[in-house]
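S.K.: Kindly generate the corresponding structure for this input.
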Amino acid sequence: MTALYVALGASLGAPARFLIDQYCRRFTNKPIGTFLVNVLGSFLVGLTFANKTHWHDFLALGFAGAFTTWSTFILDLYLGYELKKYKDVAINLSASLIFGLAAAWCGLQIAS
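M.R.: Presented below is the predicted three-dimensional model:
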């Protein structure tokens, strides 16, 4: 049954990521969409971390697992580096780490 909850969450997470990213690309060529989904996903994982029910399987493992994207984040950093946009790369990297950790911490605090 766990696999069903994970699959159901993932089937909603991946399209949500795509839609948010496409929406953000209308306004900027910066990787704002990737940043937003990774921070929101970190919050969801923190929020459901201590919950060992099917909500954790659905939200954290399924939805957030498909919603967040490590590979696109790394690709954005690499492309910025290749284009010699070092300031953008540094901002993206540090903001993603700081806000991702803060979002996960906030989720944990709300859940406890």
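S.K.: Now do the helices in this structure.
M.R.: 2-25, 32-48, 54-55, 65-67, 70-82, 86-111 (DSSP state H).
S.K.: so what's residue 55 closest to, chain neighbours aside?
M.R.: Using C-beta to C-beta, 6 or more residues apart in numbering and skipping the chain neighbours, the partner closest in space to residue 55 is residue 48 (5.9 Å). Using the backbone N, CA and C atoms, a C-beta is placed for each residue, glycine as well.
S.K.: Quick check: that neighbour vs residue 3, distance?
M.R.: 17 Å (C-beta to C-beta, to the nearest Å).
S.K.: who's more crowded, those two?
M.R.: For residue 48 versus residue 3, the count of surrounding residues by other C-beta atoms under 10 Å is larger for residue 48: 22 against 10.
S.K.: The more buried one reaches residue 54, doesn't it?
M.R.: No - using C-beta atoms under 8 Å, residue 48 is not in contact with residue 54; the gap is 10.3 Å.
S.K.: Between the two, which contacts overlap?
M.R.: By C-beta atoms under 8 Å, 6 or more residues apart in numbering, residue 48 and residue 54 have no common neighbours.
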